[in-house]
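Chemist: my questions concern the predicted model and sequence given below.
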Amino acid sequence: MVDIAQQDAAPAISGGFAEALDRVRRSSEYVVIPLFALLVAGLLFSIFLLALGQSPGTFFALLWRGGFGTGFSWQNTLVRAAPLILTALCVAIPARLGLVIIGGEGALVLGGFAAAVASIPLVHAGAPSFVVLPVMCLCAIAVGGLWIGLVGVLRHYRGINETIASLLMSYIAIAIMNFFVEGALRDPANPNKPSTQAIGEANMIGDVPGLGVHWGLPVGIVVAILLWVLMNRTTFGFAARVTGGNVRAARAQGLPVGRLIVISCAIAGACAGLAGFFEVAAIQGKANASLAAGYGFTGILVAFLARQNPLAIVPVAIFLGGIAAAGGLIQRRMGMPDATVQVLQGLMFVVLLVSETLYGRLPIFRAKGDKR
Amino acid sequence: MSGTDIGFWGVPLAMFAGAIRVSTPFLFVSLGECLTEKSGRINLGLEGTLVFGAMSGYAVSYLTGSPWLGVLAAGISGMFFGAIHGYICKLPKVNDIAIGIAMMLFGTGLAFFFGKPFIQPQAPHLPSINLGGWSDYPQIQSALEINPLFLVGAVLAVAMWWAFKNTRWGLIIRMTGDSAPAALAMGYSVDLVRFLATTVGGFFAGVGGAFLSLYYPGAWSEGLSSGQGLMAVALVIFSRWNPLLCFGAALLFGAAGAIGPALQSVGITQGYYFFNAAPYLLTLFIMIASVSPKRSLKGAPGELSITK
């Protein structure tokens, strides 16, 4: 990387504007390559559809209509984007330290469950919603944070691979919820689907006025911005990125690597737990098996597509939320299984990771005179 | 039916039976993962391979009427997934752990997509070998009904253990896993060895999936595998990359997985979900107990990103 720094100095004579343009050209790599990967994934998926005798044209038209075509579909898209922003942050923040955490699903489920459980005594006591909701929210954040924070502890102090541990813990989290929901905390008033007691209509979080989407979306966006500031504009974020770049260098500088890992994981888990809170308080109204709807797993894709950048996560989450929202329409109109969207997402993920190999190898994005 | 009620003795017996019955997919996936990891690469996508193998095995068995063809189809489709993983990972700058996660989501997605029409129909099952004919107890009889794939897996474990130690290929794989420069210096293509190891590993995982859908639990459904493929990765670490220990660990995991159903069979239904989580908890505790940040693990391939 030394040579790039040296070459930067050379074209500076040509003026500030040309230099700025050059910088835009070089950093556009991080936008162009993912977009190109998405295009390739779309092409591959079209071939897949043609092989099955389906029309790719119809598919993408329905994808557009079901995700972004009408006001209603936008609403549906944004409702799905809200938890995706938060679960993607659960992947992106530890990723800055070089950790691959894929257990957001578990933190979401357990956070939502904790929120629902916390509401039970308060609802019985007849507490007003401005007391119930903050308590629920805090419980969800705390439980989610502890859950993924524990993954960080295991990683740092026991050397356990965080990817495997977080996914195992996500199965455990779902089992814990099922254990209570089907047993001790089951609401007898709801015989068909085992659930906890409903938090009550009065305690449900309403929609943002004029948008038709619950408050989870603006909160998610604000959290994403705050975390971007934290990771890019504070000493904490700088230390975290140094740790992610080179642990030994970070240790040599005396950075508290263990504390950084555990705190970042806890922040990540808190985000996923917050997503669980909104799923319970704005959508489900209670905790049940519907909480494990796969937002945690789609969040992994969102984070990778956004290149682990908290700000980029917002548009990417809306994009993938739209694809998920269109799933139902595609299923009905084209008679295809509901897993179609999952296949498309998986394909996008694989192609995207393959495209990582292109970084730094395409001459158009290189600094002038850099002949590799 | 007097004399056949064995009461709470049914629990350890059912766990023993479960160890044999439930362990086979763990065994195959962990052997496949062991082979891949020995060559210095990790494949987290075996969970997806397992699910796709289960679906394709079931579908082929249903369409052709032959469960063994189903097993073969599952293996071949697993090989295909392994080959994709192996090919992608050799590209520069590609992270094998992330690719594994992507392949896991892609594999399960494809399996659910193509598996929709096969959820209802009943496919022919794999036959079992009955070794319990001498006993009057139906519980013992059912415990000793052993699937041929279990025996194949056991033989495979021993064969792999022997081959790693004593054959030229075993040495090449171990060398590539321990030091890519050394393999390169000896004139072997690191990429090719890893590609082949990942492909064959995928074959094993696919066969493990066929066992799930064609023998136990014995039907294709979307909730068929819940992390077995991933637990197998942890299991390989626990067994220190030794195929023989993989066999023992798979039995242990099978027994843990059988606790819930075994207790249910004697009437303890309380905490069913809790006992269902037993294998995950066991994996986690085993990892906590066996891994340490202070020293590198004995037997760990030096090139493996997960232990670095």
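Modeler: Received, thanks.

Chemist: how about whatever residue of the stretch 51-200 of chain B ends up closest to chain A, what does it touch?
Modeler: Chain A sits closest to residue B:106 of the stretch 51-200 of chain B, with a gap of 2.9 Å, by Cβ to the nearest Cβ. Any C-beta I mention is one placed from the backbone N, CA and C, and that applies to glycine too. Residue B:106 sits next to A:343, A:346-347, A:349-350, B:45, B:48 when contact means Cβ atoms under 8 Å, 6 or more residues apart in numbering or on different chains.

Chemist: can we see that at 10 Å?
Modeler: By Cβ atoms under 10 Å, 6 or more residues apart in numbering or on different chains, the contact list for residue B:106 reads A:342-351, B:45, B:48, B:52, B:81, B:84, B:99.

Chemist: what do you get for residue B:284?
Modeler: Contact partners of residue B:284, counting by Cβ under 10 Å, 6+ apart, are A:150, A:154, A:160, A:164-165, A:168-169, A:171-172, B:231, B:234, B:277.

Chemist: from those residues, which is closest to residue A:246?
Modeler: residue A:160 (21.2 Å; Cβ to Cβ).

Chemist: ok, and the closest non-adjacent residue to that closest one?
Modeler: Using Cβ to Cβ, 6 or more residues apart in numbering or on different chains and skipping residues adjacent in sequence, the residue nearest residue A:160 is residue A:154, 4.4 Å away.

Chemist: okay, and that neighbour sits in which element?
Modeler: Residue A:154 belongs to helix A:129-158 when assigned by DSSP states H and E.

Chemist: what do you get for residue A:336?
Modeler: Applying DSSP H and E, one finds residue A:336 in no helix or strand.

Chemist: for residue B:201, same thing?
Modeler: Residue B:201 is part of helix B:190-214 when elements are defined by DSSP H and E.

Chemist: elements contacting that helix?
Modeler: helix B:10-38, helix B:46-64, helix B:67-89, helix B:96-115, helix B:148-166, helix B:168-178, helix B:180-185, helix B:228-238 (3 or more Cβ pairs under 10 Å, 6 or more residues apart in numbering or on different chains; DSSP states H and E).

Chemist: mean pLDDT added to those, as JSON lines?
Modeler: What follows is the helices and strands packed on helix B:190-214, written out as JSON lines (pLDDT from 0 to 100):
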{"stretch": "helix B:10-38", "mean pLDDT": "88"}
{"stretch": "helix B:46-64", "mean pLDDT": "95"}
{"stretch": "helix B:67-89", "mean pLDDT": "96"}
{"stretch": "helix B:96-115", "mean pLDDT": "93"}
{"stretch": "helix B:148-166", "mean pLDDT": "95"}
{"stretch": "helix B:168-178", "mean pLDDT": "94"}
{"stretch": "helix B:180-185", "mean pLDDT": "93"}
{"stretch": "helix B:228-238", "mean pLDDT": "85"}
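
Chemist: please identify which of the ones you listed is closest to residue B:134.
Modeler: With Cβ to Cβ as the criterion, residue B:134 lies closest to helix B:10-38 of the helices and strands packed on helix B:190-214, at 15.3 Å.

Chemist: so how far is that closest one off the chain centroid?
Modeler: 7 Å (Cα atoms, centre = their mean, to the nearest Å).

Chemist: give me the angle between it and helix B:96-115.
Modeler: Put simply, helix B:10-38 runs at 120 degrees to helix B:96-115, going by axes from the mean of the first three to the mean of the last three Cα atoms, to 10 degrees.

Chemist: help me confirm that residue A:367 is found in a strand?
Modeler: No. With DSSP: H, G, I helix; E, B strand; the rest coil as the criterion, residue A:367 is coil rather than part of a strand.

Chemist: from residue A:26, how far out is it?
Modeler: To residue A:26, residue A:367 is 6 Å away according to Cβ to Cβ, to the nearest Å.

Chemist: can you tell me how far residue B:59 sits from residue B:65?
Modeler: 12 Å.

Chemist: for the spatially most central residue of chain A, give me its contacts.
Modeler: Residue closest to the mean C-alpha point of chain A, counted by Cα atoms, centre = their mean, is residue A:88 at 1.4 Å. Counting by Cβ under 10 Å, 6+ apart, residue A:88 touches A:81, A:104, A:220, A:224, A:271-272, A:275, A:295-296, A:298-306, A:308, A:310, A:312-314, A:316-317, A:320.

Chemist: residues contacting residue 293?
Modeler: All of this is about chain A. A:80, A:83, A:105, A:108-109, A:279, A:283-284, A:324.

Chemist: ah, I was thinking of chain B
Modeler: So residue B:293 contacts A:155-160, A:258 (Cβ under 10 Å, 6+ apart).

Chemist: close to chain A: what parts of the stretch 151-300 of chain B are there?
Modeler: B:222, B:226-227, B:230-231, B:233-234, B:237, B:260, B:269-284, B:287-297 (Cβ under 10 Å from any Cβ of the partner chain).

Chemist: filter these to the buried ones?
Modeler: With neighbours counted by 16 or more other Cβ atoms under 10 Å in any protein chain shown, those contain buried members at B:226-227, B:230-231, B:233-234, B:237, B:260, B:272-284, B:287, B:291, B:297.

Chemist: near chain A, which residues of the stretch 1-150 of chain B?
Modeler: B:42, B:44-45, B:47-48, B:84-85, B:87-117.
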